[in-house]
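**Student:** This is a predicted model, with the sequence first.
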Amino acid sequence: MNKIRLKEISSKIGSGATPRGGKNSYKSEGISLIRSMNVYDSAFEYTELAFIDEQQAKELSNVQVERSDILLNITGASVARCCMVPNNLLPARVNQHVAIIRIKKELANPRHILYCLISHRYKQKLLAIAQGGATREALTKEKIEDFEILLPLLSSQHKIASILSAYDDLIENNLKRIKILEEMAQMIYREWFVSFRFPGHEKVKMVKSELGMIPEGWEVKKLGEMLEFQKGKKAKNIYHQPLNNSIPYLLIDGLRNRSFLYADDKTMPIAKRDDILMVMDGASSGQVFIGFEGAVGSTIGTYRIKDTNNLFSYLVYFFLKNNFKTISEKNIGSAIPHANKNFIASMKIVTPKSNIVILFSDFASDIYKQIDVLERKTLNLRKTRDLLLPKLISGEVDVEKVDINIDLMEGKS
């Protein structure tokens, strides 16, 4: 293996910028603007993906993302997280918290470089460099350019990338299936409870309410009447593996990818499977999850149906999910956004008759059981890949003599 600086194998290393006007200038659709909250290790998070128009994109043409570019977070708590840009987002731009690393393919395999950067060995080096900053975690252009990695022969890089990306392809397929299932449930929610085209709606009279016309027998309620809220707290002891009586420690990263830390603090608020979990602090405030059990972390809040009959959990979950933009616009706090509990409690929801609630609860529960199976399979794939990754990157497993039908990654996101 040869030690080489990233600068020597890259045609571009540099961060982006935010359009004039900042967050207020973002569009509902258009050209993707990738931010640090979208970049995870070997995974792209589409939630809260921002968009800009053609003119804004033109002004940021020098930070246009190209196929096979590596995206690296360079500031804040998510510093050193990196992934490859998904092809379906191109042509995209990045903001100032994300750097583009464009590898010269005749010198190195971009996906192999990505796997190097997310491996424990190099990740720790990146974090150490970032934490050497004067005020906050940061990776400068110069630090990235001078970052050294050991590279095997190009043929070995292709093989390593091919082996590891096979796992990522399976993971991606599962994530696509999960997305389809979630969209299916969301579509049914909107059809039944927004458009009021629920089973048997043709025989139900529409009547006036404070929210407009609703089916007869349905009620308008404030969420505060239906829900109990409890804020999470920071665990005293945190483990990377389940030990003794420890349980999953629920934080936003784990909720997104099921990769949990563990806690055994008996004073922690505990989430049940039917509880709705909401991100209460940070840029993702207002985002909701359901179907998780564990100790609730400090940036998360739990909403639980007051009635012992929890059939309304999925209805409320999709209501909150459907109103994420409205909730996020009411966030409080200037430096760090916080979900506004009082506003959420004041929100009004149309609740149906019990037979419709039962039908929807059964449907949604079945969907999320399927999602749970797919997420567990995905977690196992990630664990296997992560066990294999350092052995391949370090050369402990020699792939040079392994006969692999190599895909040079040209067709992969």
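**Tutor:** Looks like it arrived, so ask away.

**Student:** Could you break the protein into its assigned domains?
**Tutor:** 2-151, 219-351 (automatic domain parsing).

**Student:** Serialize those domains to a markdown table and add fields for distance to residue 387, mean neighbour count and mean pLDDT.
**Tutor:** Placement of C-beta: from N, CA and C, glycine included. As requested, the domains of the chain are arranged in a markdown table below (distance: least, CB to CB, whole Å; neighbours: other CB atoms under 10 Å; pLDDT from 0 to 100):
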| stretch | distance to residue 387 | mean neighbour count | mean pLDDT |
| --- | --- | --- | --- |
| domain 2-151 | 11 | 18 | 90 |
| domain 219-351 | 13 | 18 | 89 |
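
**Student:** Adding distance to residue 162, write those out as JSON lines.
**Tutor:** Listed next are those as JSON lines, based on distance: least, CB to CB, whole Å:
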{"stretch": "domain 2-151", "distance to residue 162": "8"}
{"stretch": "domain 219-351", "distance to residue 162": "23"}
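
**Student:** Residue 193 versus residue 39, what's the distance?
**Tutor:** Counting by CB to CB, to the nearest Å, the gap from residue 39 to residue 193 is 34 Å.

**Student:** oh sorry, the question was meant for residue 288
**Tutor:** Here residue 288 is placed at a distance of 16 Å from residue 193 (CB to CB).

**Student:** And residue 314, by the same measure?
**Tutor:** In this view, residue 314 and residue 193 are 11 Å apart by CB to CB.

**Student:** Name the residues contacting each of these two.
**Tutor:** Counting by CB atoms under 8 Å, 6 or more residues apart in numbering, the common neighbours of residue 314 and residue 193 are residue 360.

**Student:** Name the nearest residue to the residue positioned nearest the centre of the chain, ignoring sequence neighbours.
**Tutor:** The chain has residue 45 as the residue nearest its centroid, 3.9 Å off, counting by CA atoms, centre = their mean. Using CB to CB, 6 or more residues apart in numbering and skipping the chain neighbours, the partner closest in space to residue 45 is residue 38 (5.1 Å).

**Student:** swap in residue 189?
**Tutor:** Once flanking residues are discounted, residue 189 sits nearest to residue 318: 4.0 Å by CB to CB, 6+ apart.

**Student:** ok, now residue 224?
**Tutor:** With sequence-adjacent residues excluded and distances taken as CB to CB, 6+ apart, residue 224 is closest to residue 345, at 3.3 Å.

**Student:** I'd guessed the one you found sits against residue 221; true?
**Tutor:** No - checked against CB atoms under 8 Å, the pair residue 345 and residue 221 is beyond contact range at 11.2 Å.

**Student:** Hmm, residue 351 is touching residue 221, no?
**Tutor:** Yes - counting by CB under 8 Å, residue 351 does reach residue 221; the two are 5.5 Å apart.

**Student:** So what sits opposite residue 208 in the bridge?
**Tutor:** Per DSSP bridges, the residues bridged to residue 208 are residue 213.

**Student:** how near is it to residue 198?
**Tutor:** 19 Å.

**Student:** Look at those two and report which has more neighbours.
**Tutor:** Counting neighbours by other CB atoms under 10 Å for residue 208 and for residue 198 shows that residue 198 has the greater number, 19 against 8.

**Student:** Touching, that one and residue 356? I think so.
**Tutor:** Yes - the pair residue 198 / residue 356 is scored as a contact, 5.4 Å apart, by CB under 8 Å.

**Student:** packing partners for the helix or strand containing residue 262?
**Tutor:** Residue 262 is part of strand 261-263 when elements are defined by DSSP states H and E. Packed against strand 261-263 by the contact rule (3 or more CB pairs under 8 Å, 6 or more residues apart in numbering; DSSP states H and E) you find strand 238-239, strand 247-250.

**Student:** Can you check which of these gets nearest to residue 138?
**Tutor:** Residue 138 lies closest to strand 238-239 among those, at 24.8 Å (CB to CB).

**Student:** Do you have the helices of this structure handy? List them.
**Tutor:** Here the chain has its helices, by DSSP state H, at 54-59, 110-118, 120-130, 141-145, 154-193, 223-226, 252-257, 313-322, 324-329, 341-346, 354-394.

**Student:** Of those helices, give the one that comes closest to residue 98.
**Tutor:** Residue 98 lies closest, by CB to CB, to one member of these: helix 141-145, at 11.7 Å.

**Student:** Need the contact partners of the closest one.
**Tutor:** 5-7, 10, 13-15, 72, 74, 99, 101, 129-130.

**Student:** Distance-wise, check residue 193 relative to residue 370.
**Tutor:** Computed as CB to CB, the residue 193 to residue 370 distance reads 21 Å.

**Student:** which ones are touching the nearest residue to residue 123 once chain neighbours are set aside?
**Tutor:** With CB to CB, 6+ apart as the criterion, residue 123 has its nearest non-adjacent residue at 6.0 Å, and that residue is residue 80. By CB under 8 Å, 6+ apart, the contact list for residue 80 reads 72, 73, 117, 123, 126, 127, 130, 139.

**Student:** again, but for residue 105
**Tutor:** residue 68 are the contacts of residue 105 under CB under 8 Å, 6+ apart.

**Student:** Against residue 154, how distant is it?
**Tutor:** For residue 105, the distance to residue 154 - CB to CB - is 9 Å.

**Student:** now do residue 276
**Tutor:** To residue 154, residue 276 is 50 Å away according to CB to CB.

**Student:** Ok, residue 312 next?
**Tutor:** Counting by CB to CB, the gap from residue 312 to residue 154 is 58 Å.

**Student:** again, but for residue 395
**Tutor:** Computed as CB to CB, the residue 395 to residue 154 distance reads 14 Å.

**Student:** from what I can see residue 120 touches residue 391, true?
**Tutor:** No - at 11.3 Å, residue 120 does not count as touching residue 391 under the criterion of CB under 8 Å.
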